[in-house]
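I need the structure of the sequence given here:
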Amino acid sequence: MLASVLEGGIRAGTPILYATLGEVIAERAGIVNLGVEGAILVGACAGFITTAQTQSPLLGIAAAALAGGAASLVHAFMVVTVRANQIASGLALMFLCLGVTSFVGRPYVAVKINAVAPLAVPGLSDLPVVGRLLFSHDVLVYGAYLLAPLIWLILFYTKWGLALRAVGERQAVAFASGLPTAVVQYAAVVCGGVLAGVAGAHLSLAYARSWVEGMSNGRGFIAVALVIFATWHPLRAVLGAVIFGAVFALQLQIQARGVALSPYFLDMTPYLLTLVGLLLLARAQRHTMPEGLKEVFEGLK
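Residues are numbered from 1 along each chain as shown. Predicted coordinates for the structure are as follows:
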């Protein structure tokens, strides 16, 4: 059971990790996007519809990324150009995406597709225990866990990453130094949306291999909370994503084994864990939060 939970945790944590990495990029630029949930949904829907029409998972993943980026572009326009409230804009975007995907995706419920197949790494997948846990997944799983260190390198060891973090810390100072702050924030939010769209693609094309209305099931909100849990650091997000994914996998294992626990209680455990994590790390969050987010989270001027 432990091996199944760990293996399932890596798979179930993949869409959460993609969405979390995208939100890390956006929040490092000083923008909170609560519309991540909606971007995951449009990615899952667009990816599934495209795959159903073309029978090409690759095109489905590309469509999901574009859809997620387009949804987040709306949020970027609202908060960067119009200067709308970030929380209100993100929530409005989420409900808009929920309605649109429920309407557009209705004909595709229960449709069969050519799903993303597992791709075992030759040689490594035959290793005892570790081979099954780490090297017997689909390409999107490998991509997510390789993307985390790449984003870490970009954020902390490149000129673009320095500019992004400068905008998120002190936007006025960054602007005075000649940085195109609006362009940087647009790019960060759209990149975050693209990764959220890929999260949706993994959800519908590889994990569930089907389309169901509202199938993101709160993963976008978990991703937003996980950014805080990981103290805005891409590598820490990997551990958090696996933990939350393992909780999802554990509840499925418990239900499959017929343990006498309410399924409603099991469904709420990932969100309960989210609250506990935020509570335990409250002090660390205040010290590591980008300065540009304090106005959003704490109402500081």
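
so where do the helices sit in the stretch 101-250 of the chain?
Ranges of helices in the stretch 101-250 of the chain, per DSSP state H, counting those that start in this stretch, are 130-134, 139-157, 159-169, 171-176, 181-202, 219-229, 234-256.

now the angle from the third one to helix 181-202?
Orientation check (axes from the mean of the first three to the mean of the last three CA atoms, to 10 degrees): helix 159-169 against helix 181-202 gives 100 degrees.

ok, now the longest one?
On the basis of the same axes, to 10 degrees, helix 234-256 is oriented at 30 degrees to helix 181-202.

after helix 234-256, which helix or strand is next?
Sequence order places helix 263-280 as the next helix or strand after helix 234-256, per DSSP states H and E.

tell me the angle of that next one relative to helix 234-256?
Going by the same axes, to 10 degrees, helix 263-280 makes 160 degrees with helix 234-256.

all numbers from here: first residue = 37
Got it, first residue is 37 now, which makes that one helix 299-316.

packing partners of helix 299-316?
helix 255-265, helix 270-292 (3 or more CB pairs under 8 Å, 6 or more residues apart in numbering; DSSP states H and E). The way it works is simple: take the backbone N, C-alpha and C, and place the C-beta from them, glycine included.

the longest one - what's its average pLDDT?
Translated: helix 270-292. For helix 270-292, the mean pLDDT works out to 85.

ok and that helix relative to helix 175-193, angle-wise?
150 degrees.

low pLDDT regions in the stretch 237-337 of the chain?
The stretch 237-337 of the chain contains residues with pLDDT under 70 at 296, 299, 317-323, 333-337.

change it to 80
287-307, 309-324, 331-337 (pLDDT under 80).

which ones are touching residue 112?
By CB atoms under 8 Å, 6 or more residues apart in numbering, residue 112 lies in contact with 67, 221-222, 225-226.

most neighbours among these, which one is it?
In terms of neighbour count, residue 225 stands highest of the contacts of residue 112 at 30 neighbours, by other CB atoms under 10 Å.

returning to that earlier point: so for residue 108, which of the helices and strands packed on helix 299-316 sits nearest?
helix 255-265 (11.3 Å; CB to CB).

hmm, back to that, residue 155: which of the helices of the stretch 137-286 of the chain is closest?
helix 175-193 (5.4 Å).

what lies in contact with the closest one?
Looking at what lies outside helix 175-193 - CB under 8 Å, 6+ apart - the contacts are 46-47, 50, 53-54, 57, 60-61, 64, 97, 152, 155, 196-197, 200-201, 231, 234, 237-238, 241-242, 269-271, 273-274, 277.
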